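Novice: Output the structure for:
(3 chains)
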Amino acid sequence: MYEDLLNQVFDRFLTGPRLFRDREVLRPDYVPKELPHREDQILHVGRILVPVLKGSRSSNIFLYGQTGTGKTAVIKFIIDRLTKKSQEIEAPVVACYINCRLTGTDYRVFSKLCEVVDINVPFTGLATNEVFDRFKVALDSKKILLIVVLDEIDFLVREQGDDLLYDLTRGNESLQSSKVSVVGISNDLQFKEHLDPRVLSSLSEEEVVFRPYTAIELGDILQARANLGFVSGTLTKGALNLCSALAATEHGDARRALDLLRVAGELAEREGKSKVIEEHVRSAQNKIEEDRITSTLKTLPLHSKLVLCSCYLIKQAGYDGVITGNVYEVYGELCRKIQLESLTQRRVSGLISELDIMGLLNASLINMGRYGRTKKIKLGIPEKVIREIFVKDEWLSTLLDYKPRCLCSLK
DNA sequence: CGTCCACAGGAATGACGGGCGG
DNA sequence: CCGCCCGTCATTCCTGTGGACG
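Specialist: Take a look at the predicted model:
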């Protein structure tokens, strides 16, 4: 019986109108052949990097701009062309793209660099300096010009400090036959304040700023991708414009716009419709947000879930906008109930801040004068959503209807 | 006008499971 | 096997703080 239903799904998909020509071009990591409205940046960065083709080191560059403004696409685009050109003229140029958020630590960045120069290092166990030294030795023997692209570099600096950048930018001094150029990419300009002045000055020998796209520019970008990605005539102008308008209000984020477009298309396809209309875009916006919430909710560590659950119970009991101390009390009660060792208030305070950043809670600092300084905490997502996810959780399902005792003393 | 609440949030340190080279 | 280092998470200790209260 399931088989029949599933067959229906298959048939409907196969016989239904075809909307996508090529889904891949709508994915965020796709690098198109044309990057509309980024010609200036491409040329600018290209001119800075071009000396490597003639065997001299290029300046270090710092690229800055909000998410979805094309920084990554631009640099990948240039690296790709530059590598091709260097192979053509047999210039010893090697480029290496590293996303610092995915790579995570100094150690892992260095071990990735080691891969580039063909040496193997264990993925853990060695001193970071040791890995760097091995990298330098191998690099020097290779006689190449290495371009290291460090994407989302602010993340690495926040977590690890600027030691890596210091080592890397100063590495040239001890290199005989190879040279290193660093391209740093960040969407947070403030992070420069955390840098050692020496690192800062050598990293930002050149700076390129990426302005957010306007709604009109986003429209052009989407149109170009839609031509490749959708069967012509299936995407209405209205739907496309709505995507660009929505993404433009969110600091001109092209990634967001493309996501909206792709998901809207998928929704239309699932409904068996032959056209993507504005309604699909609106649904897509909701779906993206919902998916984001449910997936973060599911992958939360146990204690974070408990903290969130505490806030949920407080809200259920009719209180809105409690302070850290209240949440900690309820949390403590929950821990006792499931016989779990509770964390310290310091830690829970940190967890609350993390949940705030993820948007699952809204925590704002308030001063109550004589009565102290604390955070006022509210749920950031509907109670319904929390319940839906937590009833499937082995620890939390039993707690969802619990009435915290310590709330009685609250007014 | 000083006090003092109820925490915020930084820094240092520790425990832990993993892996190294020797 | 040892001594060392790794990243991660948590603890402990700490200093900082805006403004209502007395």
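
Novice: for the helix or strand hosting A:Ala264, what is the average pLDDT?
Specialist: According to DSSP states H and E, A:Ala264 maps onto helix A:254-270. For helix A:254-270, the mean per-residue pLDDT is 90.

Novice: same check, this time on stretch A:279-298
Specialist: 89.

Novice: Tabulate the CA atom coordinates of that stretch in CSV.
Specialist: The C-alpha trace of stretch A:279-298 is given here as CSV (Å, rounded to 0.1, in the frame of the first residue of the first chain):
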residue,chain,number,x,y,z
GLU,A,279,2.9,32.7,-2.9
HIS,A,280,5.5,30.0,-3.2
VAL,A,281,8.2,32.5,-2.3
ARG,A,282,6.3,33.4,0.9
SER,A,283,6.0,29.8,1.8
ALA,A,284,9.6,29.3,1.1
GLN,A,285,10.5,32.0,3.5
ASN,A,286,8.6,30.3,6.2
LYS,A,287,10.0,26.9,5.4
ILE,A,288,13.6,28.1,5.5
GLU,A,289,13.0,29.7,8.9
GLU,A,290,11.3,26.6,10.2
ASP,A,291,13.9,24.2,9.0
ARG,A,292,16.6,26.4,10.5
ILE,A,293,14.8,26.3,13.9
THR,A,294,14.0,22.6,14.0
SER,A,295,17.5,21.6,13.0
THR,A,296,19.2,23.7,15.6
LEU,A,297,16.7,22.6,18.2
LYS,A,298,17.4,19.0,17.5
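
Novice: buried sites along stretch A:240-260?
Specialist: A:240-244, A:246-248, A:252-260 (16 or more other CB atoms under 10 Å). Placement of C-beta: from N, CA and C, glycine included.

Novice: what about the residue lying closest to A:Asp106 once chain neighbours are set aside, neighbour count?
Specialist: Using CB to CB, 6 or more residues apart in numbering and skipping residues adjacent in sequence, the residue nearest A:Asp106 is A:Leu164, 4.5 Å away. Neighbours of A:Leu164 under the rule other CB atoms under 10 Å: 24.

Novice: Which residues are in contact with A:Leu164?
Specialist: A:Asp106, A:Val109, A:Phe110, A:Leu156 (CB atoms under 8 Å, 6 or more residues apart in numbering).

Novice: In which helix or strand does it reside?
Specialist: helix A:163-170.

Novice: count of neighbours near the residue in chain A that DNA strand C sits nearest to?
Specialist: At 2.1 Å from DNA strand C, A:Gly369 is the closest residue in chain A, using CB to the nearest atom of the strand. A:Gly369 has 6 neighbouring residues, counting by other CB under 10 Å.

Novice: Equivalent analysis for A:Ser397, please.
Specialist: 12.

Novice: now do A:Val322
Specialist: With other CB under 10 Å as criterion, A:Val322 counts 22.

Novice: just checking, it touches A:Ile377?
Specialist: Yes. The criterion here is CB atoms under 8 Å, and A:Val322 meets it with A:Ile377 at 5.9 Å.

Novice: overlap in contacts of the two?
Specialist: A:Cys311.

Novice: So stretch A:341-355, near DNA strand B or not?
Specialist: Yes. Stretch A:341-355 is in contact with DNA strand B by CB under 7 Å from any atom of the strand, via A:Gln345, A:Arg346, A:Ser349, A:Ile352, A:Ser353.
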